[in-house]
Each structure stands twice: as C-alpha cells, then as structure tokens.
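K.L.:
Below: sequence and its predicted model.
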Amino acid sequence: MSSIAQSLEKIRNRVTVLEHRYGRPAGAVRVLAVSKTKPAEAVRAAAEAGQRDFGENHVQDALSKLDALADLDLVWHFIGPIQSNKTRIVATRFDWVHSLDRTKIASRLSEQRGEDLPPLNVCIQVNVSGEPSKSGIAPAELDAFAQFVAGLPRLKLRGLMTLPRPCDELALQRRPFAALREMLEGLNAGGFGLDTLSMGMTDDMEAAIAEGATIVRIGTAIFGAREPASPSAGPARVSGSRPPG
Ligand SMILES: *Cc1c(COP(=O)(O)O)cnc(C)c1O
C-alpha cells in the first residue's frame, strides 16, 4: 500500500471515530483531499485508494493536474482566492467553489458556467474571526450576499466555509466553527436549505466535526508537509494578489 493510501485510511478511520464520539451520523463527514502544490501522481495514488474529492487553491497549478488526470472520474473543489481573470477556468473545470466572497466573482462564475454542466456548487467563505487581512465576507454581510448568490442561475449555493486563525486548544478551535454552524442554521431558518459546512483542516478537524462539519479539507495529513515558500502553498493570501472589486 502506498503511504498516501495508508494516510487516507488513517484519516477515514479518524473521521469515523470522531463522528461517533460527537454523535454525528456515520458518513456525515466527507473528506476533501487538498492536493495543492502536490504532483498529479500523488492525486492518482489517492484516487487509486478510493479518494474522489480533491481541493486546489491555485488555478494555474491545478490546470496541469486536471489535464493529466482527465482519465479519472474525480470531483474538483476550488478552495482559494479567485481572481476575476481566472473565473472562466474555475467555472468550466471545477465542480465546487468553497471560497466565494465577492458579488463580482459570483456573477462571473454564474455567467461562465457551461450550459452543458450542472450548476456549480458553491460555499460562501465567512471571515468568522474578523481578521482584517483574511478572505471571506463579514458575518454582517452574509444574509445579503447569500440572497444574491442564491439568485444566480448557474450557481447552486450549498453552504458556508471558514478558515479560522490557527490555535491549539480544542475548546477554542470549536468557537469559530460553532459560529459558522449557527450562521448556517440562521440561513436555513430563512428557507435556504443549505447542506454543507466546509470547515476543519489537518490540525482542527476534531473541533470542526464536533461542531457539524460536513466537509473537512485535509492536506498535510494525507499528502505530507508542503514546501513553505510558494505563495500557493498555504491558506494565507499574499497581500495584493487579489484585485479590488
Ligand atoms: C491548504 C488548505 C487546507 C489544508 O490544510 P492542511 O493543514 O494541510 O490540512 C484546507 N483549506 C484551505 C482553504 C487550504 O488552503
């Protein structure tokens, strides 16, 4: 068995244990394998071990992988900041976007989603902890933005995503995830019918599952550590990498 296959098995077992521990139904949490910065062969090894969902955060890096793996039936999720000149690629080559936080980008994705494809699944990224330099919309703007996105014909609003400030303590890690779950419940009380909470990574997966994650986005624990230097290597946005609007 490849080491990627072993890591995947470990993660799946851990998800099962955590679902049980926190009273979640078996199979409630889907693992999204975050393959950013990793080569196509790593994705292929994971696919051979039964993994179908993969996450990328850099359009150009992702494209060569999507092309190299076109023979496989995979589900591709875009999880990074989207520049407006890259929306067409995201709209035509991806199945999901987790990082929607601007009306202009949402409109473009809807306009550019091919008529031959099903609507693009999207999650709104919320900046729960209110960090000024971070992607995601402010909680106060969520209702209006969700209304806007839900009205776009070629997008299917599925839920919310967040990427909180890292912290080590389980109880503290749970707070922003609990806040995101409450926002989802609030939208659903207003009739949105959302089914997705995309939250939790390698280091805070337990907290996210405890608070209701339906998708955990796992990179390091599946593929190993990433090279730190590249701007596409981490969740942090490089300042100035995103045009205004
Ligand atoms: C890189 C990344 C992840 C995965 O992080 P790990 O700590 O490697 O599991 C999850 N979500 C987003 C948005 C990312 O950019």
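P.N.:
Received, thanks.
K.L.:
Against the ligand, how distant is the nearest residue to Ser64 once chain neighbours are set aside?
P.N.:
Residue nearest to Ser64 in three dimensions, not counting chain neighbours: Ala40, with 7.3 Å by CB to CB, 6 or more residues apart in numbering. The C-beta positions use only the backbone N, C-alpha and C, and glycine is treated the same way. Ala40 sits 17 Å away from the ligand, taking CB to the nearest ligand atom, to the nearest Å as the criterion.
K.L.:
I'd guessed Ala40 sits against Leu72; true?
P.N.:
No: shown here, Ala40 and Leu72 do not form a contact pair, counting by CB atoms under 8 Å, at 9.9 Å.
K.L.:
Which pLDDT value does the model give Glu131?
P.N.:
Reading off the per-residue confidence, Glu131 sits at a pLDDT of 78.
K.L.:
For Ala210, give me its contacts.
P.N.:
Leu18, Arg21, Tyr22, Leu170, Arg174, Phe177 (CB atoms under 8 Å, 6 or more residues apart in numbering).
K.L.:
Does the nearest residue in space to the fourth one that is not next to it in sequence lie in a helix or a strand, and which?
P.N.:
Among residues not flanking Leu170 along the chain, Ala207 sits closest, at 5.6 Å (CB to CB, 6+ apart). When elements are assigned from DSSP states H and E, Ala207 belongs to helix 205-210.
K.L.:
pLDDT averaged over that helix, what's the number?
P.N.:
Averaged across helix 205-210, pLDDT comes to 98.
K.L.:
Check stretch 34-51 too.
P.N.:
When pLDDT is averaged over stretch 34-51, the result is 98.
K.L.:
contacts for that stretch?
P.N.:
In this structure, residues lying in contact with stretch 34-51 by CB under 8 Å, 6+ apart are 1-2, 4-5, 8-9, 31, 33, 54-58, 61-62, 64-65, 68-69, 72, 74, 79-80, 201, 217-219, 222-223, 226-227, 230, 232-233.
K.L.:
same check, this time on stretch 123-143
P.N.:
Among residues not part of stretch 123-143, those counted as contacts by CB under 8 Å, 6+ apart are 81, 96-101, 145-146, 149, 157-165, 176, 179-180, 183, 186-187, 190, 196, 198, 237, 239, 242.
K.L.:
and the protein, which residues reach the ligand?
P.N.:
34, 36, 57, 79, 163, 201-203, 217-221, 235 (CB under 6 Å from any ligand atom).
K.L.:
hmm, which of the residues you listed are the buried ones?
P.N.:
Buried by 16 or more other CB atoms under 10 Å: Val34, Lys36, Asn57, Ile79, Leu163, Met201, Arg217, Ile218, Gly219, Ala221, Pro235, out of those.
K.L.:
Serialize the residues you listed to CSV and add fields for secondary structure.
P.N.:
Listed next are these as CSV, based on DSSP: H, G, I helix; E, B strand; the rest coil:
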residue, secondary structure
Val34, strand
Lys36, coil
Asn57, coil
Ile79, coil
Leu163, coil
Met201, coil
Arg217, strand
Ile218, strand
Gly219, coil
Ala221, helix
Pro235, coil
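K.L.:
With respect to pLDDT, which of the residues you listed ranks lowest?
P.N.:
For these, the least confidently modelled position is Pro235, at 51, judged by pLDDT.
K.L.:
picking up where we left off before, most neighbours among the contacts of Ala210, which one?
P.N.:
Sorting the contacts of Ala210 by how many neighbours each has (other CB atoms under 10 Å) puts Phe177 first, at 23 neighbours.
K.L.:
Surely that one is in contact with Glu206?
P.N.:
No: between Phe177 and Glu206 there is no contact, the gap being 10.2 Å when judged by CB under 8 Å.
K.L.:
which is the next helix or strand following the helix or strand harbouring Leu142?
P.N.:
Taking DSSP H and E as the definition, Leu142 sits inside helix 142-150. From helix 142-150 onward toward the C-terminus, using DSSP H and E, the following helix or strand is strand 155-161.
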